[in-house]
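Undergrad: Structure for this input, please:
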Amino acid sequence: MRIGSPARRDVFALVTALLVLLLSAGGATAQPRGERAAGPADILDTVARDLARSLADPAWSADVRHAALAAGEVDIAALAARTGAPASLTGRLDGAHAGLARAKGLTGHAGSLLSLRLGDSRMRAAFTARGGATPLVAAATTDDTAAGTVTAYGSDGRAHTLDARTAPARPVYVVDIDAQEALTAGLGVLREELTAAGLDAEGVTAQAGFWSSRITSIRLEDDQEPWAKGSAEIYALVTGFGHDGKARVDPVELPYLDEDGTTYTPNQILVNWSFYKYSLADVVLMEEDGSTNYRELARAIAGALLTIIDQGFYIPLVDAVLDALPDDWWTDDPDYVDSWYTLAVDTAGTLTGAAGNGTLTLDRYWVPEL
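TA: As a prediction, the model looks like this:
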């Protein structure tokens, strides 16, 4: 049809207006068809580039340097809000936080997710040694098996390629996700989703107390992570059958377990046996990774476990949990750390995980009622 006559032009205008209204109703944040939403790695890289350019401002650069040297980890957004950060950067940081929260399934659950740290503790001396040279800024890698390079940006916007295994002599700021904030919020989302799925029925605790399995020591082997990766944040998924006969999952945060090759002695309760119908449970150890979307993780696990029915005897649940993990968690981002099958209420001693990456020492511990 040729659009030429006034009547046809009116119809065309009406259709166009309706299309505009429909697109507006979808909201400004609607994702164009065929486009991929920015992931955590993309967002961190953009923040690193923007922050590097902002360091051309001497006063702001001095504020960042002072904060980075005074603390091990800096909340970038909070620092920008209380100092003389360029206004354009503050807005970009707000947008980056919102994007990270969406990508990790934490919208409305997490505080500031953007942090800044020195790439290596030895870089403190480099500030003085280089006469106060402006540092480069790199994004923390969210890929544990990435190629052996890290991209860092200078205040002129130029990219520099650095060795991922050997920290450079020039100081480097690393933009990262606040792993502790993400993990705490993420486990909250995990519990929320599991509760909605009916996978965390209340346990029956005897009035006098309950038996537990307590971690007396735990160690993970060195995985040779790059200097830009930062410390790990580890959590456990304890699985078994609840008293209602349904599979249940209890997330347990292990906030101290942030360095591989180190033995920790936390005396932390791992399994509360009053929650379970049988005297057997499984444990899956996971790492908070930049790519982790907790809402998707919870829904995937729930979808797998809801198909398993109590048959009157214990069925190990580790394989069901591992099968539910997204495929990319086994390739570029191995968020899975290790697992232990069929721990019993009276299990005690040192146990090596099924993947051979973790060593766990447990004792049987009675928790009395106050």
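Undergrad: Give me the phi and psi angles of Gly154.
TA: When read as degrees, to the nearest 10, the backbone of Gly154 gives phi -100, psi 170.
Undergrad: And it, how close does it get to Thr83?
TA: Gly154 is 21 Å from Thr83, where distance means C-beta to C-beta, to the nearest Å. Where you see a C-beta, it was placed from the backbone N, CA and C, and this is true even at glycine.
Undergrad: who's more crowded, these two?
TA: Legend: neighbour count by other C-beta atoms under 10 Å for Gly154 and Thr83, higher for Gly154 (18 against 14).
Undergrad: Distance-wise, check the more buried one relative to Ala228.
TA: On the measure of C-beta to C-beta, Gly154 and Ala228 end up 16 Å apart.
Undergrad: Same check on Thr90?
TA: Thr90 is 25 Å from Ala228, by C-beta to C-beta.
Undergrad: quick one: which of the two has more around it?
TA: Under the criterion of other C-beta under 10 Å, the comparison of Thr90 against Ala228 puts Ala228 first, with 24 against 15.
Undergrad: OK, contacts around the more buried one?
TA: Contact analysis of Ala228 by C-beta atoms under 8 Å, 6 or more residues apart in numbering lists Gly119, Ala138, Ala139, Ala140, Thr141, Val150, Ala164, Val172, Val174.
Undergrad: any weak-confidence spans in the protein?
TA: In the predicted model of the chain, residues 1-37, 128-133, 142-147, 200-207, 222-226, 326-334 satisfy pLDDT under 70.
Undergrad: Got the domain ranges for it?
TA: Domain segmentation of the chain under automatic domain parsing yields 40-177, 179-368.
Undergrad: And stretch 245-260, how far out from the chain middle?
TA: Centroid displacement of stretch 245-260 relative to its chain, using C-alpha atoms, centre = their mean, to the nearest Å, is 14 Å.
Undergrad: whoops, I mixed them up, stretch 108-116
TA: 11 Å.
Undergrad: Check which residues of that stretch are buried.
TA: His109, Ala110, Ser112, Leu113, Leu114, Ser115, Leu116 (16 or more other C-beta atoms under 10 Å).
Undergrad: Pull out the CA atoms of it and give them to me as PDB.
TA: Taking C-alpha atoms only, stretch 108-116 is exported to PDB below (Å, rounded to 0.1, in the frame of the first residue of the first chain):
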ATOM      1  CA  GLY A 108      16.100  -4.800  46.300                       C
ATOM      2  CA  HIS A 109      18.200  -7.100  48.500                       C
ATOM      3  CA  ALA A 110      21.800  -5.700  48.400                       C
ATOM      4  CA  GLY A 111      23.500  -2.500  49.500                       C
ATOM      5  CA  SER A 112      26.400  -1.100  47.400                       C
ATOM      6  CA  LEU A 113      28.000  -3.900  45.400                       C
ATOM      7  CA  LEU A 114      30.900  -2.000  44.000                       C
ATOM      8  CA  SER A 115      34.300  -2.100  45.800                       C
ATOM      9  CA  LEU A 116      37.800  -0.900  45.100                       C
END
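Undergrad: just the strands in the stretch 101-250 of the chain please.
TA: Under the criterion DSSP state E, counting those that start in this stretch, the stretch 101-250 of the chain contains strands at 114-118, 136-139, 149-153, 159-163, 172-177, 209-220, 234-241, 247-254.
Undergrad: possible to save the ones you listed as TSV with distance to Thr262?
TA: What follows is the strands of the stretch 101-250 of the chain, written out as TSV (distance: least, C-beta to C-beta, whole Å):
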stretch	distance to Thr262
strand 114-118	19
strand 136-139	25
strand 149-153	24
strand 159-163	24
strand 172-177	20
strand 209-220	7
strand 234-241	12
strand 247-254	13
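Undergrad: Among those, which comes closest to Asp363?
TA: Comparison of those against Asp363 by C-beta to C-beta identifies strand 209-220 as nearest, at 5.4 Å.
Undergrad: quick one on the thing from earlier: which among the strands of the stretch 101-250 of the chain is found nearest to Arg364?
TA: Counting by C-beta to C-beta, and looking across all of the strands of the stretch 101-250 of the chain, nearest comes strand 209-220 at 6.5 Å.
Undergrad: list the helices and strands that closest one packs on?
TA: In terms of contacts (3 or more C-beta pairs under 8 Å, 6 or more residues apart in numbering; DSSP states H and E), strand 209-220 is packed against strand 263-264, strand 268-272, strand 336-344, strand 358-368.
Undergrad: quick one: contacts of that strand?
TA: Strand 209-220 is contacted by residues 203, 232, 234, 254, 257, 260-274, 337-338, 343, 345, 347, 350, 357-369 when judged by C-beta under 8 Å, 6+ apart.
Undergrad: Is there a quick ChimeraX command that grabs whichever of these are buried?
TA: Buried residues within the contacts of strand 209-220, by 16+ other C-beta under 10 Å, are selected in ChimeraX with:
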select :203,232,234,254,257,260,264,268,270,271,272,273,274,337,338,343,347,357,358,359,360,361,362,365
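Undergrad: The helices and strands packed on strand 209-220: which one's closest to Leu51?
TA: strand 336-344 (30.7 Å).
Undergrad: Paired strands for the closest one, with orientation please.
TA: strand 280-287 (antiparallel) (DSSP bridges).
Undergrad: Pull up the gap between Glu296 and Ala59, please.
TA: Taking C-beta to C-beta, one finds Glu296 at 42 Å from Ala59.
Undergrad: Looking only at neighbour counts, state which of those two leads.
TA: Of the pair Glu296 and Ala59, Glu296 is the one with more neighbours under other C-beta under 10 Å, namely 14 against 9.
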